[in-house]
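**Q** Build me a model:
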Amino acid sequence: MKKWLVSLLVVVAILTGCGDAAGNESAEITDPIDVEIIISLDHDDERLVEETLTVNDGAILLDVLTTHYDVEKTSEGFIQAIEGHAQTSSEFWLFDVNGAPSEVGAGDVELRDGDEIH
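**A** Residues are numbered from 1 along each chain as shown. Got it, this is the predicted structure:
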């Protein structure tokens with residue numbers, strides 16, 4: 001079965017909240033940093049996204065994802081689908097931040113320069 005995997009700061013069994021004004025990606029970029037985003041399926045067998053984004057230092061990962069990609073989430077902030085690929089009861093979105101599984105949801109990840117989310 002396919003397992004959905006999203007890296008570069010995304011561990012999604014996402015419990016989340018909204019970012020504050022400093023992390024809100026709809027705001028002007030005043031304190032730019034670069035982060036690498038990789039979104040893949042089947043344990044990295046198929047990459048949907050692999051790019052470097054310039055965002056504000058401290059931007060909230062969930063805000064960045066919803067600004068730049070087609071992300072469906074619950075009202076509680078759980079990611080249910082990315083780029084049209086929905087999770088199921090046995091296949092779900094997970095993410096790593098700088099090579100390690102995230103211990104918090106994407107709504108609680110503050111991005112720093114050079115971060116890699118996969």
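
**Q** now the helices: where do they sit in the chain?
**A** 61-68 (DSSP state H).

**Q** So, low pLDDT: which residues of it?
**A** Applying pLDDT under 70 to the chain flags residues 1-27.

**Q** Which residue ranges of it form strands?
**A** 4-7, 32-41, 46-56, 71-73, 79-82, 85-86, 96-97, 100-101, 116-117 (DSSP state E).

**Q** out of the ones you listed, which comes closest to residue 109?
**A** strand 96-97 (6.3 Å; Cβ to Cβ). Placement of C-beta: from N, CA and C, glycine included.

**Q** what about the strands of the chain, which gets the closest to residue 108?
**A** With Cβ to Cβ as the measure, strand 96-97 is the member of the strands of the chain nearest residue 108 (10.9 Å).

**Q** which other helices and strands contact that closest one?
**A** strand 116-117 (3 or more Cβ pairs under 8 Å, 6 or more residues apart in numbering; DSSP states H and E).

**Q** now residue 39: how far from residue 106?
**A** Distance, residue 39 to residue 106, by Cβ to Cβ, to the nearest Å: 12 Å.

**Q** Of those two, which one has the most company?
**A** Between residue 39 and residue 106, residue 106 has the larger neighbour count (other Cβ atoms under 10 Å), namely 30 against 26.

**Q** Just the buried residues of stretch 104-118, please?
**A** By neighbour count on 16 or more other Cβ atoms under 10 Å, the buried set for stretch 104-118 is 105-111, 115-118.

**Q** which of the residues you listed sit farthest apart?
**A** 107 and 116 (18.8 Å).

**Q** Now render the buried residues of stretch 104-118 as TSV, adding distance to residue 49.
**A** Formatted as TSV, these follow (distance: Cβ to Cβ, whole Å):
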residue	distance to residue 49
105	19
106	14
107	19
108	21
109	17
110	21
111	16
115	15
116	13
117	10
118	10
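
**Q** tell me how far the ends of stretch 80-94 are from each other?
**A** This stretch, stretch 80-94, spans 11 Å end to end (Cα to Cα, to the nearest Å).

**Q** before we move on, what about stretch 75-87?
**A** Stretch 75-87 has an end-to-end distance of 16 Å (Cα to Cα).
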